[in-house]
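Colleague: heads up, no residue letters with this:
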């Protein structure tokens, strides 16, 4: 289920990025999941267009502290890779039930690998790399990596109704919205 959510979030961000928009506040509270499993990224309230005139360094960091990229936390230039970091941090929280620290630790990597396949963990950890140049170059690249995980890892495709209900309960407890 987490893989499907991740794929749909990356598709939504790709659409925004293709229109020159950086969300800058991807977090569980800004992801809505319908009862039929459709995922939407919402609340573009602090989004910015990605032009040299509008994306600049500022003294004020905007976004939710547990999910924003290191460069955003420092008030530096934000681009699509900032949203990719936030998506990774959101997925980490969704999967482990814990918020990731700013500086990734071996304990966090180990924790994540206990919940998901190594391939899925690798996607999330790459998205959360503190150095933006080491992250996926865009949401499309992350989407493709997630699709490869989804195709290879049959565990995530064989959910029973009870698991889906349990996942939706966890998602609701994190602040993700579930709508009918």
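Modeller: Thanks, I have it. Computed from a predicted structure; not experimentally measured. Numbers count the residues shown, from 1 in each chain.
Colleague: all strands of this protein, in order?
Modeller: With DSSP state E as the criterion, the chain has strands at 21-22, 31-34, 39-41, 48-49, 177-179.
Colleague: what packs against the third one?
Modeller: Looking back up the chat, that one is strand 39-41. Contact here means 3 or more CB pairs under 8 Å, 6 or more residues apart in numbering; DSSP states H and E; on that basis strand 39-41 packs against helix 2-18, strand 31-34. (C-beta placed from N, C-alpha, C; glycine too.)
Colleague: adding distance to residue 84, write the ones you listed out as JSON lines.
Modeller: Formatted as JSON lines, the helices and strands packed on strand 39-41 follow (distance: least, CB to CB, whole Å):
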{"stretch": "helix 2-18", "distance to residue 84": "8"}
{"stretch": "strand 31-34", "distance to residue 84": "15"}
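Colleague: residues in contact with the closest residue to residue 68 other than its chain neighbours?
Modeller: Residue nearest to residue 68 in three dimensions, not counting chain neighbours: residue 86, with 6.2 Å by CB to CB, 6 or more residues apart in numbering. Contacts for residue 86 (CB atoms under 8 Å, 6 or more residues apart in numbering) come out as 23-27, 63, 67-69.
Colleague: tell me the spacing between the most centrally placed residue in the chain and residue 12.
Modeller: The chain has residue 87 as the residue nearest its centroid, 1.4 Å off, counting by CA atoms, centre = their mean. As defined by CB to CB, to the nearest Å, residue 87 lies at a distance of 10 Å from residue 12.
Colleague: swap in residue 120?
Modeller: 19 Å.
Colleague: which one of the two has more residues nearby?
Modeller: Set residue 120 next to residue 12 and count neighbours by other CB atoms under 10 Å: residue 120 wins out with 26 against 21.
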